[in-house]
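Student: sharing a model prediction with you, sequence too.
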2 protein chains.
Amino acid sequence: MPTKGEQTRERIVHQSAILLNVRGYAGTSMSDIIEAAGIQKGGIYRHFESKEAIALEACRYVLQQRIEDVNAAVRSEASAIHQLKAVCMSFLDLLAESRIPGGCPILNIAVDADDTNPPLKYLVQEATHQFRSLIQDIVHQGKAQKELPLYINGEVIATILISTCEGALMLSKLYDDAVYLHRAIDHLMAYFETLTP
Amino acid sequence: MPTKGEQTRERIVHQSAILLNVRGYAGTSMSDIIEAAGIQKGGIYRHFESKEAIALEACRYVLQQRIEDVNAAVRSEASAIHQLKAVCMSFLDLLAESRIPGGCPILNIAVDADDTNPPLKYLVQEATHQFRSLIQDIVHQGKAQKELPLYINGEVIATILISTCEGALMLSKLYDDAVYLHRAIDHLMAYFETLTP
């Protein structure tokens, strides 16, 4: 059982993750975090020394959740093509009401931090590296099972899948219309089909 | 000749556009703008009543520049396939030192504003609409010139091109490595080639 202090800390991290994913780093103040977590103003400094420290932990948490969600979607499928499709479909879930609103934390934090916040940028690099490895592992297994031809390159597939889906998610959130993500996923599935022997 | 007042206003808009494209809306303060534009504190209010008003004009300006740059790249090519390639290649220019640093304003402002700032979100919707129309016009012309088959859909091509390049730009800026954008462009060019009769 987590102690009361541990529960408070988890609540701060979870609520900060939501604020950061929706509003970005500069758009989230300590007062916002204190209000969202429902704690006393002085109380937060018993858990974190600064907004920077909260943001690091909250971003690590929300990025990890995203990777875990993709991993869970992949594990429920057997073949490489179905696993790649499951990765694509996980982007549609980000348009629906989810535990952490605001879309994909990789896209959000990357765009927010790439020119301004090296520690957060580094966290997104690490999470995106895990995301790419997950896709490269699917391709590697697919080759071993003779579902995919040996000449295809897992790094290239990972780049194309992530780029296309993140960009289409941006359009779908911009227009509040899932059609962009659906078109992107249809395109990727047709592309993956051309790769099957 | 622009008056001194007009020159000051242009300088405020240009410098604000850079700040907004690099740091986002919440990350840019009036003091930042005043400092970057090199004007007196009181002087800015002779031109704009608020940060909101500056942001609207600066975002309109930077989005328009992006659309004009893509238009110029397209006009220098004759065939539909080369024009589509020119649109893709324009994303590489955003990685280099450009007039407005910070990457693509469509991606930056969309991700910054989609959940928080309806007026800016609306500006990006309009600019992205222009961007999509430009690509749809290329496809339309390509069909008329029998360079592209009649069954392909310009809206779908626009969605795939913009999604893939914006997502790959995010990765290239995240890792400070152009390889992601190059892979995405290679993929799109191979896809466009499959469309030629």
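Tutor: Alright, I've got the coordinates.
Student: helix or strand for residue A:126, which one?
Tutor: For residue A:126, the host element (DSSP states H and E) is helix A:118-144.
Student: any idea how far residue A:180 lies from chain B?
Tutor: As judged by CB to the nearest CB, to the nearest Å, residue A:180 and chain B stand 5 Å apart. Every C-beta, even on glycine, is put in place using the N, C-alpha and C of the backbone.
Student: now residue A:29
Tutor: To chain B, residue A:29 is 9 Å away according to CB to the nearest CB.
Student: report all helices and strands that the helix holding residue A:126 contacts.
Tutor: helix A:51-75, helix A:80-93, helix A:105-113, helix A:154-175, helix B:154-175 (3 or more CB pairs under 8 Å, 6 or more residues apart in numbering or on different chains; DSSP states H and E).
Student: could you check the angle the third one makes with helix A:51-75?
Tutor: So that's helix A:105-113. Here helix A:105-113 runs at 150 degrees with respect to helix A:51-75, directions being taken by axes from the mean of the first three to the mean of the last three CA atoms, to 10 degrees.
Student: list the buried ones in stretch A:12-29?
Tutor: By neighbour count on 16 or more other CB atoms under 10 Å in any protein chain shown, the buried set for stretch A:12-29 is A:12-28.
Student: contact partners for residue A:181?
Tutor: If you count contacts by CB atoms under 8 Å, 6 or more residues apart in numbering or on different chains, residue A:181 has them with A:91-92, A:95, A:165, A:168-169, A:171-172.
Student: tell me which residue is most central in chain A.
Tutor: By CA atoms, centre = their mean, the mean C-alpha position of chain A lies nearest to residue A:66, the distance being 3.9 Å.
Student: and the closest residue to that one other than its chain neighbours, how many neighbours?
Tutor: Closest residue to residue A:66 apart from its sequence neighbours, by CB to CB, 6 or more residues apart in numbering or on different chains: residue A:105 at 5.4 Å. Residue A:105 has 26 neighbours, counted by other CB atoms under 10 Å in any protein chain shown.
Student: okay but residue A:105 is in contact with residue A:24, surely?
Tutor: No - applying CB atoms under 8 Å as the test, residue A:105 and residue A:24 come out as separate, 11.1 Å apart.
Student: identify the residues contacting residue A:136.
Tutor: Neighbouring residues of residue A:136 by CB under 8 Å, 6+ apart: A:154-155, A:157-158.
Student: and for residue A:143?
Tutor: So residue A:143 contacts A:149-150, A:152 (CB under 8 Å, 6+ apart).
Student: now residue A:19: how far from chain B?
Tutor: Note on residue A:19: its distance to chain B, by CB to the nearest CB, is 11 Å.
Student: what helix or strand does that residue sit in?
Tutor: Using DSSP H and E, residue A:19 falls within helix A:4-23.
Student: how many other residues sit next to residue A:174?
Tutor: 21.
Student: likewise for residue A:69?
Tutor: Residues within reach of residue A:69, counting by other CB under 10 Å, total 16.
Student: same deal with the one 10 residues further on?
Tutor: By the criterion of other CB under 10 Å, residue A:79 has 15 neighbours.
Student: quick one: the closest residue to it other than its chain neighbours from chain B, how far?
Tutor: Spatial nearest neighbour of residue A:79, chain neighbours left out: residue A:147 (5.8 Å); criterion: CB to CB, 6+ apart. Noted for residue A:147: a distance of 20 Å to chain B, by CB to the nearest CB.
Student: so what's residue A:147 up against?
Tutor: By CB under 8 Å, 6+ apart, the contact list for residue A:147 reads A:79-81, A:196-197.
Student: redo those as TSV? Include pLDDT.
Tutor: Shown next, in TSV, are the contacts of residue A:147 (pLDDT from 0 to 100):
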residue	pLDDT
A:79	95
A:80	96
A:81	96
A:196	81
A:197	76
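Student: for those residues, pick the one with the most neighbours.
Tutor: If you count neighbours using other CB under 10 Å, the busiest of the contacts of residue A:147 is residue A:80, which has 23 neighbours.
Student: which residues touch the nearest residue to that residue once chain neighbours are set aside?
Tutor: For residue A:80, ignoring the flanking residues on the chain, the nearest one in space by CB to CB, 6+ apart is residue A:142 at 2.8 Å. Counting by CB under 8 Å, 6+ apart, residue A:142 touches A:79-81, A:83, A:148.
Student: between those residues, which is closest to chain B?
Tutor: Set against chain B, the nearest of the contacts of residue A:142 by CB to the nearest CB is residue A:148 (16.2 Å).
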